[in-house]
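Here is a sequence together with a model predicted from it:
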Amino acid sequence: MTDFLSETRTAYDTVAAGYAETLRGRLAGSPWDRAMLDAFAELVGPAGPVGDLGCGPGRITGYLAARGLDVFGVDLSPGMVEVARREHPGLVFEVGSLLGLGQADASLAGALVWYSIIHTPPARQPEVFAELARVLVPGGRVLLAFQVGDEVRRIERGYGHEGLSLVAYRLRPESVEQWAVAAGFTVESRMVRAPEPPSERTPQAYVVVRKGLGSSSARQ
């Protein structure tokens, strides 16, 4: 496994239970998050399965399921998947990577990528977007959320644990959109909002992209 994938998996395995507890109920106090997720759910509708890719403990997967989507979760961390399965026993969760998803070509109507591209080095991001394009049907949509900036952060503590080793990349919306367009997507929407203290320190971005209706489903 690529070093950054192994590092990310180990870190999230370590913090899985604390992460789930810390973020439990946070959506109730995040109207912007709910608004974007609700818009995504309405845009995708009942057209087919939706992947919550980088689902963590499944909190957003459960939210989308409650809004009628046929949604499942994928996460790099087996520890996170274990927590998700325990907390949402009626939903499907599996271990997987954004760089090599287990889904068939053109099998998803939509994908949620909620703060899950932030640990991938920029040089590898085109591979992520090519994989998203592969698994989506023509016209399928992706909602991405991420922290805005140029900073590269080394995270060594969090969610009740010390001694972590995890890199997180702040990203510019323009860069994310360029990666998406290069993979055959069009940009439908971008919103950047101010951080909400005390948990956020940087602006937060939401970008919706749509796979072209004439795009091939074959692996790029």
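Right, received. Where do you want to start?

In the protein, where is pLDDT below threshold?
1-2, 155-164, 215-220 (pLDDT under 70).

Longest helix in it, by number of residues?
Ranked by number of residues, the top helix in the chain under DSSP state H is helix 3-23.

which is the next helix or strand following that helix?
Next helix or strand after helix 3-23 toward the C-terminus (DSSP states H and E): helix 31-44.

Chain neighbours aside, what residue packs nearest to the spatially most central residue of the chain?
Nearest to the geometric centre of the chain sits V113, at 2.2 Å (CA atoms, centre = their mean). In this structure, V113 finds its nearest non-sequential neighbour in L144, 4.6 Å apart by CB to CB, 6 or more residues apart in numbering. Every residue, glycine included, has its C-beta placed from N, CA and C.

helices or strands next to the longest strand along the chain in the packing?
As assigned by DSSP state E, the longest strand anywhere in the chain is strand 136-147. For strand 136-147, the elements it packs on are helix 31-44, strand 108-114, helix 173-182, strand 204-211, judged by 3 or more CB pairs under 8 Å, 6 or more residues apart in numbering; DSSP states H and E.

rerun that using 10 Å as the cut-off
Judged by 3 or more CB pairs under 10 Å, 6 or more residues apart in numbering; DSSP states H and E, the packing partners of strand 136-147 are helix 31-44, strand 50-53, strand 108-114, helix 125-135, strand 161-169, helix 173-182, strand 185-193, strand 204-211.

sorry, back to before: I'd assumed G51 was in contact with the residue nearest to the centre of the chain.
Yes: V113 is within contact range of G51, at 8.9 Å (criterion: CB atoms under 10 Å).

Give me the common contacts of those two.
132, 142 (CB atoms under 10 Å, 6 or more residues apart in numbering).

Surely G56 and S116 touch.
Yes: the pair G56 / S116 is scored as a contact, 8.1 Å apart, by CB under 10 Å.

Those two: who's more crowded?
G56 (25 against 22; other CB atoms under 10 Å).

give me the element Q103 is part of.
Q103 belongs to no helix or strand, assigned by DSSP H and E.

Not counting sequence-adjacent ones, nearest residue to it?
V135 (4.5 Å).

again with L64
V71 (4.6 Å).

residues of stretch 40-59 that come out buried?
40-41, 43-44, 47-59 (16 or more other CB atoms under 10 Å).

In contact with the residue nearest to L64, which residues?
41, 44, 49-52, 55, 58, 60-65, 91-92, 110, 112.

Alright, I will stop here.
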